[in-house]
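>>> Pasting the sequence and the predicted model now:
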Amino acid sequence: MTLKTFVELSGWTAALLILGSYSLLSFGKIQARSALYQWMNIVGALGFIINCTWNGAWPSVALNAVWMGIALYALRRNRRLNA
């Protein structure tokens, strides 16, 4: 697999994960505090960071870095609350 193919797959996988997590949440299939929801957002944001960095879309890189940070914080906080 070439680097360009990896970057493209990262972007498409990210889109599927973010849209999938939002859909599952919106239709009541998962809860916002679930680890699955947070991990889908973390991995999705990382995929977008990879793709957007490659393409020089710096506002999107910043947005997804913050998005990933929020999801990491929420995952950590929710683990502490459930422990």
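Nice, I can see it.
>>> Where does pLDDT dip in this structure?
Low-confidence segments of the chain, defined by pLDDT under 70, are absent; every residue clears the threshold.
>>> which residues of it fall in helices?
Along the chain, counting by DSSP state H, helices occupy 3-26, 35-55, 58-82.
>>> so which of these is the most packed in?
Mean neighbour count (mean count of other Cβ atoms under 10 Å) peaks for helix 35-55 among the helices of the chain, with a mean of 20. Where you see a C-beta, it was placed from the backbone N, CA and C, and this is true even at glycine.
>>> Return the residues in contact with the closest residue to Gln31 other than its chain neighbours.
Counting by Cβ to Cβ, 6 or more residues apart in numbering, Tyr37 is the residue found nearest to Gln31 once chain neighbours are left out, at 6.9 Å. Taking Cβ atoms under 8 Å, 6 or more residues apart in numbering, we find Tyr37 in contact with 21, 24-25, 30-31.
>>> redo that, cut-off 10 Å
Shown here is Tyr37, whose contacts under the criterion Cβ atoms under 10 Å, 6 or more residues apart in numbering are 20-22, 24-25, 29-31, 71, 74-75, 78.
>>> what's the answer for Trp12, then?
Listed by Cβ under 10 Å, 6+ apart, the contact set of Trp12 reads 47, 51.
>>> Over to Ile18?
40-41, 43-45, 47-48, 64, 67.
>>> how about a cut-off of 8 Å?
Ile18 makes contact with 40-41, 44-45, 48, according to Cβ under 8 Å, 6+ apart.
>>> okay if I get these as a markdown table plus distance to Leu16?
Formatted as a markdown table, the contacts of Ile18 follow (distance: Cβ to Cβ, whole Å):
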| residue | distance to Leu16 |
| --- | --- |
| Met40 | 9 |
| Asn41 | 12 |
| Gly44 | 8 |
| Ala45 | 13 |
| Phe48 | 11 |
